[in-house]
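> return a 3D structure for these sequence lines:
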Amino acid sequence: MSEVLSGCCRLHRTPLSSCAPAVPQSPDNRPLAIDAHSHVFNGTDLQVQQFIKLDSSLPYDEELKKIFGEIVEGLSWNLAPTGCQEYKVLGELASCGRTGARAALMSRHREQAYAHACREINSTPIFQQYKTGTAASRRLTGHMATDKRTQYLDSIGALLEAPTLADFRTKRALLAQNRALDVNLQDVHSVLRFLLQGFQYRYISVQDYLDDYNPAGFTGRSVDLMIANLVDFDWPLAGGAATRTPFRDQISVMERLSVFTRGRVHAFVPFDPMRQVAIAAGISPRNGKYSHLTFEDIQAAVMSHGFLGVKVYPVMGFQPTGNAALSPKTWAQPWLPEWMSKPIVIGGVARSFGEWLDAKLEALYSWAAQNGVPITSHVSLSNGPTLEFNAFALNNAWLQVLKQHPDLRLNLGHAGDPTGNLSSSSAAPSLPPAAKTVIYDYICAPGSAQRYTYGDVSYPAGALTNPAAYAPLLEALFLTRPQDGRAVPQDRLMYGTDWLMLLMEKNVDGCLSIAENALSAVDAALPPQTPSFSDRFFAFNAIRWLGLRPGESSWNRLETFYRTNGIDTNADPPAWMTKVRHLTQGITL
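Next up is the predicted model:
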């Protein structure tokens, strides 16, 4: 590995053993599914407190949202495993020991993380104030309080008393039978599951994901490739301060996780133009703690270390291009450092912050287009700290970027949230205005048939709430006929989950089966296509966007990566490679 991405926590890097992975591989006879948009980070990789505090789109009632914020504010995440710790653990797990011993170690890690999470949550100020003899008596007798806030706290407190994860699930089922409660217990479970997952090892999160969507005995599509997006919020949310697991360690552990899973997980490395401007200008964070992630680091992660592409997050405070035209006051926000709203000198040249943002983004687009490197952007009116920043997600500046770089492999992540109007009472499913704009004006713009512009339908909360309305919504989309050189939605939309962020929603475990059922209904209702609508949505569109056909750039990079790490792509290739070879034979994508 190059000096720029040198050993995790200054440890000597050692290759993983080539023995069978702990994460099981899928059967060859199950159809391929690619999850184009997921996450497996934990609380040491992300500014969870500030992210939750500034996110106005959380799907809970105001009282639970307030409690959630207070819990997160009190968490230190000191008991969550860092990337350095996991790097060493993955090396231990990959040794060719007995399968039973390895499974026992994984189970112990899962339970330890659960115990650590319960201990930290119970130690937060909100729970220190709540944990009184009266509260314990209420939980013991089942006589819950009458006000909503205390009912929420009683419900969470009761669940946190469970000594093991199995006991937690049992308590959750019993609590759900209490009809006297005036709170949404599904939301309580969603909040807790998200928090608990934040204390897990990342490899355990991969296994939990597979347990959700590909459990033992499941006969549907197999998720053979998860695209795990890393995010860089150091400058947008924390004044440049590093997370407990700095980015070079995050890259090292995700590289190792790709080998450990034999290619079932590959990551996207984050690109934050704010960071790149700060590096070029020699600007350090206020508290002096800094996580290095240069553009050279990002390039090396993709070209040599198993990363498939790059993730950008405009809602954190930048447009895809055209930032030079914005007022400097745009970045005069209380959570952003003052230097962002002033002229910045780089290489003896003074320019506005917006101008430098455009320059750094242009360097990314040029390199990615030249090297066939896919990019995912967050494109949904959510997760930004202000409504103005949220609007950057739907900016038509993407059309200007694509005009300048027609070969760019771009995924407009979330696709403007097509399921956003699918409430439980939806009579006639319809696309929200944002999704119409993203799908028809950006992804399927005139001339797009010759481009690589796609959208993943991840975080499909509406489909989880109202599964019956999902198929009619997709049918209406897929009836679109090509015109003006436009691509059509059935050739551009892709399956995605946004797991583990999706854990904050209801019915998460059904995400894959709900999508499969909806696409099967579409296949039955519309004239037959080759490939089928299902195969396009779950596999073909992602293969084309990612450049994963044999001989394409991403395929070649990963083939080299596998061979470097002892994975024989001819005799025993990753499952997704075998299925892509089979699927794409004789078919022009």
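> so where do the strands sit in this structure?
32-38, 222-229, 265-270, 309-312, 344-346, 349-351, 375-378, 409-413, 452-457, 493-495 (DSSP state E).
> can you lay out these as JSON lines showing mean neighbour count and mean pLDDT?
Bear in mind the C-beta positions are built from the backbone N, C-alpha and C, glycine included. Shown next, in JSON lines, are those (neighbours: other CB atoms under 10 Å; pLDDT from 0 to 100):
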{"stretch": "strand 32-38", "mean neighbour count": "27", "mean pLDDT": "97"}
{"stretch": "strand 222-229", "mean neighbour count": "26", "mean pLDDT": "96"}
{"stretch": "strand 265-270", "mean neighbour count": "26", "mean pLDDT": "98"}
{"stretch": "strand 309-312", "mean neighbour count": "25", "mean pLDDT": "98"}
{"stretch": "strand 344-346", "mean neighbour count": "15", "mean pLDDT": "98"}
{"stretch": "strand 349-351", "mean neighbour count": "12", "mean pLDDT": "98"}
{"stretch": "strand 375-378", "mean neighbour count": "25", "mean pLDDT": "98"}
{"stretch": "strand 409-413", "mean neighbour count": "28", "mean pLDDT": "98"}
{"stretch": "strand 452-457", "mean neighbour count": "27", "mean pLDDT": "97"}
{"stretch": "strand 493-495", "mean neighbour count": "27", "mean pLDDT": "98"}
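> need the ones you listed in JSON lines with distance to residue 178, can you?
Listed next are these as JSON lines, based on distance: least, CB to CB, whole Å:
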{"stretch": "strand 32-38", "distance to residue 178": "33"}
{"stretch": "strand 222-229", "distance to residue 178": "35"}
{"stretch": "strand 265-270", "distance to residue 178": "39"}
{"stretch": "strand 309-312", "distance to residue 178": "41"}
{"stretch": "strand 344-346", "distance to residue 178": "57"}
{"stretch": "strand 349-351", "distance to residue 178": "61"}
{"stretch": "strand 375-378", "distance to residue 178": "38"}
{"stretch": "strand 409-413", "distance to residue 178": "38"}
{"stretch": "strand 452-457", "distance to residue 178": "35"}
{"stretch": "strand 493-495", "distance to residue 178": "36"}
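> so which of those strands is nearest residue 535?
When the strands of the chain are compared by CB to CB, strand 32-38 sits nearest residue 535, at 8.2 Å.
> contacts for the closest one, please.
Strand 32-38 is contacted from outside by 209, 221-229, 376, 411, 413-414, 454, 456, 458, 494-500, 512, 538-539, 542-543, 545-546, 576, 579-580, 583, using CB atoms under 8 Å, 6 or more residues apart in numbering.
> what's the answer for stretch 45-59, then?
Counting by CB under 8 Å, 6+ apart, 65, 68-69, 72-73, 75, 77, 83, 187, 198, 230-231, 233-234, 237-238, 243-245, 250, 335, 381-385, 387, 461, 504-505 sit against stretch 45-59.
> where do the helices sit along the stretch 1-150 of the chain?
For the stretch 1-150 of the chain, the helices defined by DSSP state H, counting those that start in this stretch cover 48-54, 62-74, 83-93, 99-122, 125-130, 133-141, 148-160.
> in a markdown table: those helices, plus distance to residue 401 and mean pLDDT.
Formatted as a markdown table, these follow (distance: least, CB to CB, whole Å; pLDDT from 0 to 100):
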| stretch | distance to residue 401 | mean pLDDT |
| --- | --- | --- |
| helix 48-54 | 26 | 79 |
| helix 62-74 | 34 | 89 |
| helix 83-93 | 32 | 91 |
| helix 99-122 | 40 | 91 |
| helix 125-130 | 44 | 91 |
| helix 133-141 | 54 | 75 |
| helix 148-160 | 44 | 89 |
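> surely residue 355 is in contact with residue 325?
No - counting by CB atoms under 8 Å, residue 355 sits too far from residue 325 to count as a contact (9.5 Å).
> more neighbours: which of those two?
residue 355 (17 against 12; other CB atoms under 10 Å).
> per-residue confidence at the residue nearest to that one when sequence neighbours are not counted?
Nearest residue to residue 355, sequence neighbours excluded (CB to CB, 6 or more residues apart in numbering): residue 324, at 4.3 Å. Looking at residue 324, its pLDDT reads 98.
> count of neighbours near residue 324?
15.
> ok, back up a step: out of the strands of the chain, nearest to residue 277?
strand 344-346 (6.6 Å).
> how distant is the closest one from the center of its chain?
On the basis of CA atoms, centre = their mean, to the nearest Å, strand 344-346 sits 33 Å off its chain's mean C-alpha point.
> ok, now stretch 107-123?
Using CA atoms, centre = their mean, the offset of stretch 107-123 from its chain centre is 23 Å.
> count of neighbours near residue 573?
Residue 573, neighbours per other CB under 10 Å, totals 18.
> tell me who's in contact with it.
562, 567.
> ramachandran coordinates for it?
Taking degrees, to the nearest 10, you get phi -70, psi 160 for the backbone angles of residue 573.
> hmm, back to that, which one of the helices of the stretch 1-150 of the chain lies nearest to residue 551?
helix 83-93 (30.9 Å).
> may I see the buried residues of the closest one?
83, 84, 85, 86, 87, 88, 89, 90, 91, 93 (16 or more other CB atoms under 10 Å).
> before we move on, what about stretch 458-477?
So, applying 16+ other CB under 10 Å, buried residues of stretch 458-477: 458-467, 469-475, 477.
> run through who's touching stretch 133-143.
Counting by CB under 8 Å, 6+ apart, 144, 145, 150, 153, 154, 157, 158, 161, 178 sit against stretch 133-143.
> where does the stretch 151-300 of the chain have low pLDDT?
179-182, 288 (pLDDT under 70).
> return the closest of the buried residues of helix 83-93 with respect to residue 396.
Closest to residue 396, out of all of these and judged by CB to CB, is residue 83, at 37.5 Å.
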